[in-house]
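Student: I would like to see how this sequence folds:
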Amino acid sequence: MGRKKQSQSQSVANEDVQESMIPEGEPQGEPEFELTGKRIGVRIMAGTVPKGKRPVVAVTLGSKKFKTHDPIITDGQSDIVAEFNEFFTFDYPANTSGDVVIKCKDAAVRSYFTGASKLLGMVKLPVDSITRPPPEGAKYSPPQWYQLTDEKGHKLGEQYRIQVQVAVGVQSILPRHVRTLVGTWNVGNAPPQDDLSTWLRNEGKAAHIVAVGAQECGYKSSKKESTLNCHDDWTKHIEKNLGAEDYWLVDSSKLGEIRLSIFARADVAPGFTAVANATEATGIMHIGSNKGGVVTSFKLWDTSLCFVSSHLAAHQDKTDRRNDDYREIVGGAKPGVAKGMDITTQFHHLVWVGDLNYRVDYKDETEKSPTPENFKAFVDAVTGGATPEELAEIVEADQLVKAIKSKQAFIEFAEGKVGTHLPTFKVERDVAEYQWKDQRLPAWTDRILWRSVRPVEQLLLDGAPKVTTSDHKPVVSILNLGMRHLPALTGADVKKHKIKVVELTGEGLYAGDIHGTSDPYVLFFADFLDGTKRTGTENYTLDPIWPKKKLVDLKTIPCTLDFMSRHYLRVCVMDYDLFSQDDSIGRAMVPMKEVVEQFKSGTASFECSLMRRGKYAGTLRGKLQLVTP
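Tutor: Numbering: from 1, shown residues only. The predicted structure follows:
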């Protein structure tokens with residue numbers, strides 16, 4: 001990889017598989033459930049229409065309709081090429097017939113009476129033809145160009161065309177884990193090199209999902225362009241390296257020079273729904289956009305995922321500021337819809353990447369620039385001159401490792417072993433190896449972490465020294481993220497259940513009031529529950545014990561115990577305020593698998609650590625009792 005010599009015995013690489021929060025008794029083999037239908041993904045890639053038009057595209061199947069955003073326009077000799085690169089998903093029952101109707105309209109010309117855009121042309125794609133198996137040996141069908149017609153089916157001129165790719169998603173063919181290629185890179189505000197394959201390692205197009213975070217990604221894609229206009233160029237550059245026909249863009253978001261792009265392999269893309277994003281600028285008044293985070297969340301069939309790309313405060317002595325930046329992003333970025341929950345407590349998987357800027361507290365270093373002696377000693381140590389014990393001491397001095405252990409930031413997050421690759425900062429540009437500048441002590445500033453309630457297996461963690469255009473080296477990881485598959489709600493076992501909360505206590509809750517206490521009550525909600533339930537309020541306490549008269553019964557939707565066991569019970573502790581809005585003072589997720597197992601022998605107990613704005617906020621304990629009609 002172009003790195004300096006480092007013997008295997010001196011590497012602190014973790015050769016063991018990294019796993020995070022794997023529930024005991026995780027079912028082995030493929031889950032069983034009934035498939036009642038499929039999902040069609042329709043990708044509108046590009047189109048051509050005569051000059052002077054402003055094309056948008058509407059896609060309809062049955063009663064469901066979507067419309068593209070404004071495309072990127074390139075002028076031709078007599079026409080324009082509109083690049084849309086958007087996809088939409090449609091659920092449809094098995095054996096359904098009908099057409100996917102794609103209409104290209106001119107947004108610049110609208111009806112005086114209806115306000116509707118003028119139709120430029122259309123194409124109808126019969127469901128039974130586009131859902132046929134792809135060519136032999138292929139996972140999905142390639143894009144196709146279609147000639148547009150008028151409403152009567154008459155073909156229009158050669159200038160009226162649209163490029164479409166269709167994929168069919170079937171949940172039952174997904175493995176128990178979804179292979180996710182994750183990359184992060186501080187681009188250094190310089191145009192990236194053409195070939196990024198040594199970073200985005202995706203042999204055989206094996207990744208189902210690709211998530212790429214970038215920081216300081218502001219460069220001129222051409223002499224006429226502003227550095228703030230490189231977002232589309234960056235997204236296209238990543239797409240080109242992945243293979244535009246193979247990977248569909250799910251979402252591409254930005255905050256200043258911070259970027260996050262999510263791609264899905266074509267055969268997996270139809271499973272994506274509920275795509276949402278958010279941003280949070282950190283610092284004074286949350287105004288500056290140089291530091292902060294970009295967040296994208298979505299569901300892949302029955303599994304919820306969230307990705308964060310962030311850039312935290314710089315410099316050796318700013319650990320506390322970095323910890324605060326993390327908490328601001330957790331508290332302020334809200335892409336999901338779970339009431340009262342933050343990004344750490346509402347998804348099956350949260351993957352966080354970025355230039356987190358944590359340094360190494362090496363010897364007596366506190367200044368921006370290290371002493372020559374400390375710089376040389378550190379470089380010698382990490383490149384082969386230290387014993388395994390000495391390298392382990394360096395890793396223990398990593399500020400992020402220390403913050404996680406002390407629960408100051410990234411609580412309950414996991415990552416691959418620090419030291420698996422050489423420090424990614426601060427390196428010489430245009431050098432295809434790790435050659436550090438003596439302006440800064442080398443550090444593992446660029447990180448990939450995860451916080452999950454499903455199994456996680458890390459297959460790769462490495463740097464990419466052959467990517468040379470920045471003063472940071474990129475980092476790549478391949479993660480197998482455990483999927484959740486819900487069984488069909490059919491059969492005699494489908495019933496409405498009642499779960500009685502028979503005991504509930506809190507300990508060390510967050511003080512939400514000015515007098516140093518809180519007036520806590522608890523909200524319970526979950527996908528298997530029929531609505532949200534609220535306990536009574538306990539006044540002036542951080543260690544509440546709710547009496548039986550203030551506890552609640554949780555009623556479920558019609559479901560099976562197996563269905564219930566594949567969910568998580570969300571709890572949100574609130575502080576009651578008489579004259580203002582109630583505040584959330586702690587959140588957690590309770591795995592129902594363990595609870596349902598305990599139901600078999602009687603009352604189930606649970607205990608969960610509460611989180612508030614990324615920090616530990618007390619403990620909630622309780623007992624639940626199942627009542628089945």
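Student: What segments of the stretch 101-250 of the chain are strands?
Tutor: Taking DSSP state E, counting those that start in this stretch as the test, the strands found in the stretch 101-250 of the chain are 117-126, 144-147, 161-169, 177-186, 209-215, 247-255.
Student: right, so of these, which gets closest to Asp398?
Tutor: Ranking the strands of the stretch 101-250 of the chain by distance to Asp398, with C-beta to C-beta as the measure, places strand 177-186 first at 16.4 Å. The C-beta positions use only the backbone N, C-alpha and C, and glycine is treated the same way.
Student: The closest one pairs with which strands, and in what direction?
Tutor: Strand 177-186 has these partner strands in its sheet, going by DSSP bridges: strand 209-215 (parallel), strand 475-482 (antiparallel).
Student: got these as TSV, with mean neighbour count columns?
Tutor: Supplementary listing: those in TSV, determined by neighbours: other C-beta atoms under 10 Å:
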stretch	mean neighbour count
strand 209-215	28
strand 475-482	24
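Student: would you list those strands in a markdown table and tack on mean pLDDT and distance to Ala46?
Tutor: Formatted as a markdown table, the entries for these read as follows, by pLDDT from 0 to 100; distance: least, C-beta to C-beta, whole Å:
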| stretch | mean pLDDT | distance to Ala46 |
| --- | --- | --- |
| strand 209-215 | 98 | 21 |
| strand 475-482 | 97 | 30 |
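Student: in stretch 197-208, what counts as buried?
Tutor: Buried residues in stretch 197-208, counted by 16 or more other C-beta atoms under 10 Å: Thr198, Trp199, Leu200, Arg201, Asn202, Ala207, His208.
Student: Report the spatially closest residue to Asp75, excluding sequence-adjacent ones.
Tutor: Once flanking residues are discounted, Asp75 sits nearest to Lys51: 6.9 Å by C-beta to C-beta, 6 or more residues apart in numbering.
Student: and the next element down the chain from whichever helix in the chain runs longest?
Tutor: Ranked by residue count, the top helix of the chain under DSSP state H comes out as helix 319-332. For helix 319-332, the following helix or strand on the C-terminal side (DSSP states H and E) is strand 349-355.
Student: After that next one, which helix or strand is next?
Tutor: Defined by DSSP H and E, the subsequent element after strand 349-355 is helix 372-380.
Student: How many residues are close by Arg447?
Tutor: For Arg447, the neighbour count with other C-beta atoms under 10 Å is 26.
Student: for it, what are its contacts?
Tutor: Counting by C-beta atoms under 8 Å, 6 or more residues apart in numbering, Arg447 makes contact with Thr184, Trp352, Val353, Gly354, Leu356, Tyr358, Leu400, Glu415, Val475.
Student: what's the closest of these to Gly531?
Tutor: Checking the contacts of Arg447 against Gly531 by C-beta to C-beta gives Trp352 as the nearest, at 31.9 Å.
Student: Name the nearest residue to that closest one, ignoring sequence neighbours.
Tutor: Nearest to Trp352 is Val308, by C-beta to C-beta, 6+ apart, at 4.4 Å.
Student: Kindly present the strands paired with strand 177-186 as CSV, with separate columns for distance to Ile72.
Tutor: Supplementary listing: the strands paired with strand 177-186 in CSV, determined by distance: least, C-beta to C-beta, whole Å:
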stretch, distance to Ile72
strand 209-215, 19
strand 475-482, 28
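Student: out of those strands, which comes closest to Pro544?
Tutor: It is, among the strands paired with strand 177-186 and with distance given as C-beta to C-beta, strand 475-482, at 34.3 Å.
Student: what's the angle between the closest one and strand 349-355?
Tutor: For strand 475-482 against strand 349-355, the angle by axes from the mean of the first three to the mean of the last three C-alpha atoms, to 10 degrees is 180 degrees.
Student: CA atoms only: put strand 475-482 into CSV for me.
Tutor: Presented in CSV, the C-alpha positions along strand 475-482 are these (Å, rounded to 0.1, in the frame of the first residue of the first chain):
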residue,chain,number,x,y,z
VAL,A,475,-10.0,5.8,5.2
VAL,A,476,-12.2,2.9,4.0
SER,A,477,-14.1,0.2,5.8
ILE,A,478,-16.4,-2.6,4.7
LEU,A,479,-19.1,-3.4,7.2
ASN,A,480,-21.6,-6.2,7.2
LEU,A,481,-24.7,-4.6,8.8
GLY,A,482,-27.3,-7.0,10.2
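Student: And the helix or strand of the chain with the lowest mean pLDDT, what's buried?
Tutor: Ranking every helix and strand in the chain by mean pLDDT, DSSP states H and E puts helix 127-130 at the bottom, with a mean of 86. For helix 127-130, the neighbour count (16+ other C-beta under 10 Å) marks Val127, Ile130 as buried.
Student: Same check on stretch 574-590?
Tutor: When neighbours are counted by 16+ other C-beta under 10 Å, the buried residues of stretch 574-590 are found to be Met574, Asp575, Tyr576, Asp582, Asp583, Ser584, Ile585, Gly586, Arg587, Ala588, Met589, Val590.
Student: follow-up on the earlier one: select, out of the strands of the stretch 101-250 of the chain, the one closest to Asp70.
Tutor: Minimum separation from Asp70 across the strands of the stretch 101-250 of the chain (C-beta to C-beta) falls at strand 117-126, 12.1 Å.
Student: and the angle for that closest one with strand 161-169?
Tutor: Using the same axes, to 10 degrees: strand 117-126 against strand 161-169 is 50 degrees.
Student: Now do strand 117-126: distance to the chain's middle.
Tutor: Centroid separation for strand 117-126 versus its chain: 34 Å, with C-alpha atoms, centre = their mean, to the nearest Å.
Student: Any figure for the gap between Gly508 and Leu620?
Tutor: Between Gly508 and Leu620 the distance, using C-beta to C-beta, to the nearest Å, works out to 10 Å.
Student: So which elements touch the longest helix of the chain?
Tutor: Packing contacts for helix 319-332, counted by 3 or more C-beta pairs under 8 Å, 6 or more residues apart in numbering; DSSP states H and E, involve strand 272-281, strand 292-300, strand 303-311, helix 399-405.
Student: Report the buried residues of that helix.
Tutor: Of all the residues in helix 319-332, those buried under the rule 16+ other C-beta under 10 Å are 319, 321-332.
Student: what comes into contact with stretch 110-128?
Tutor: Under C-beta under 8 Å, 6+ apart, the answer for stretch 110-128 is 40, 49, 53, 55-56, 61, 92, 96-107, 109, 146-151, 156, 160, 162, 164, 166.
Student: Pull the number of nearby residues for His154.
Tutor: One way to gauge burial is a neighbour count; for His154, by other C-beta under 10 Å, it gives 8.
Student: Okay, it and Lys53: tell me how far apart.
Tutor: Between His154 and Lys53 the distance, using C-beta to C-beta, works out to 19 Å.
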